[in-house]
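Peer 1: take a look and give me a structure for this.
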Amino acid sequence: MTTHSCDIMLELTTGVLATAAVAAKSSLPIVLLFFFILNTCAFSFIHVGISGRSSEKRVLEAQTELASSSEHFFDGTVTVSRKWSMQGNRGNSFRTSNGSKSVDPPNLPNEEVESTFLNLSYRIYHPQTLQKKRHHDIDGRDGNCIMKAPIVVLHGGPSLPSEYLYSISQEIPPSRAIIFYDQIGCGRSSEPSNIDFYGISHAIDDLKVLLCDLEIDYFHLLGHSFGGVLAYEYANRAFHNSVMTAPKCLSVILANTPTDMQKSNYEWERLQGNTPNDRFFFKHQCRLKNVPDDLVSAFDHCGSIWVGTGVVAEWKACSPSDSLTCENGNESGNNLCLGMPPFALIRGEHDFVTHSCTSEWKSILGDALVEEVVMENCSHYVHFENPNEFSSIIESFVSRYDCSAS
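Peer 2: Modelled structure (predicted):
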């Protein structure tokens, strides 16, 4: 039962008890008491029907209430599912969707299929701006785009919860919403013990559910480290699947994201050598004297089932043109895959995700789609090391593509 349903049932129970109390004090006959209780229940169930009609209404009401308060973020959850078949003591999971179409497990009778429902926890900073998303337009006087599409942030790990990225919201203009969520398996989201409930495909499905539930029509993706893998794979799936027409990804930012996990792990080992862990962390992960509290907390709340780059060690980015025809995008002959959003690459000068780990993004996507920024004197957690420059890069990049939604 959801929190919303619990509130309604509480109202119903309170109404019945209140009616009974009035009847008792008034010495009303039992028949009349019964009539009052039925009347109260009927009213309460009508209230249930009205209140449960639209998730959009609940979201907008919450946003309206928040807009009038002093708070600047909104916490919520959405429900995602995993379908699985009973075989022995453990279920075998499979992808629950193909684009936007649900699929059933092959060659399995319905009675052998089970669904497990999981909570995906999110936090929206500047949520009141989402109410204005349907009222965007182009200012005819100067051609400036009025709408600022929200940024959806994907955390790394896998299973390092999003709280270490919350500080980004402090540098993003309050006119733009920024959405964080904990992927399944960490933070405030569900952490199922079935390892088959995890994986890149499942994570992309969950992202799509979140976007649809929040009714996000247009957005930018910002993925940090492994989160960039998910951001790229989401854009790649949308590119290959014509069914995924909405919501529309306007741009993608890959922060400290390699094209090849094996190469990234090799660079980690090469750079570390015999260097003590604390020294390596300072040189190649976070070059601050004190480790930020948000990062420490994220490590403390890290998942324990599907965690670390070892679980995605075989991942390697494939060009969108591998299965669809791309056209020459510029005079130099680089392939520009029409339909893919523009990409920005950000990495730190001293990151263990070195130039050799990111250099292939341009050959995968084409020079015309990719911009790259190397932040000096920074490493892996660049948003802590130089928050002003990092946020400036982000806002400058996404602002150029807000008008693509019009």
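Peer 1: just checking, residue 252 is part of a strand?
Peer 2: Yes. Using DSSP: H, G, I helix; E, B strand; the rest coil, the assignment for residue 252 is a strand.
Peer 1: beta partners of it?
Peer 2: With DSSP bridges as the criterion, residue 252 is bridged to residue 221, residue 343.
Peer 1: could you check the pLDDT of it?
Peer 2: For residue 252, the pLDDT comes out at 97.
Peer 1: let me see the contact set for it.
Peer 2: Residue 252 makes contact with 220-223, 231-232, 235, 341-344, according to Cβ atoms under 8 Å, 6 or more residues apart in numbering. Every residue, glycine included, has its C-beta placed from N, CA and C.
Peer 1: closest to residue 258 among those residues?
Peer 2: residue 232 (10.6 Å; Cβ to Cβ).
Peer 1: what's the helix or strand hosting the closest one packed up against?
Peer 2: Here residue 232 sits within helix 226-240, counting by DSSP states H and E. Here helix 226-240 touches strand 151-154, helix 200-213, strand 218-224, strand 248-255, going by 3 or more Cβ pairs under 8 Å, 6 or more residues apart in numbering; DSSP states H and E.
Peer 1: the third one vs helix 200-213, what angle?
Peer 2: When axes from the mean of the first three to the mean of the last three Cα atoms, to 10 degrees is applied, the directions of strand 218-224 and helix 200-213 differ by 140 degrees.
Peer 1: got the angle for strand 218-224 vs strand 248-255?
Peer 2: 20 degrees.
Peer 1: go on, the longest one?
Peer 2: For the pair helix 200-213 and strand 248-255, the angle between their directions (the same axes, to 10 degrees) equals 130 degrees.
Peer 1: and for residue 270, the neighbour number?
Peer 2: Residues within reach of residue 270, counting by other Cβ atoms under 10 Å, total 11.
Peer 1: return the distance of it relative to residue 73.
Peer 2: 40 Å (Cβ to Cβ, to the nearest Å).
Peer 1: give me phi/psi at residue 369?
Peer 2: Per-residue torsions, residue 369: phi -100, psi -10 (degrees, to the nearest 10).
Peer 1: what's the neighbour count on it?
Peer 2: Using other Cβ under 10 Å, residue 369 is surrounded by 21 other residues.
Peer 1: and what of residue 314?
Peer 2: Neighbour count of residue 314, defined by other Cβ under 10 Å: 8.
Peer 1: quick one: contacts for it?
Peer 2: Residue 314 sits next to 261-262 when contact means Cβ under 8 Å, 6+ apart.
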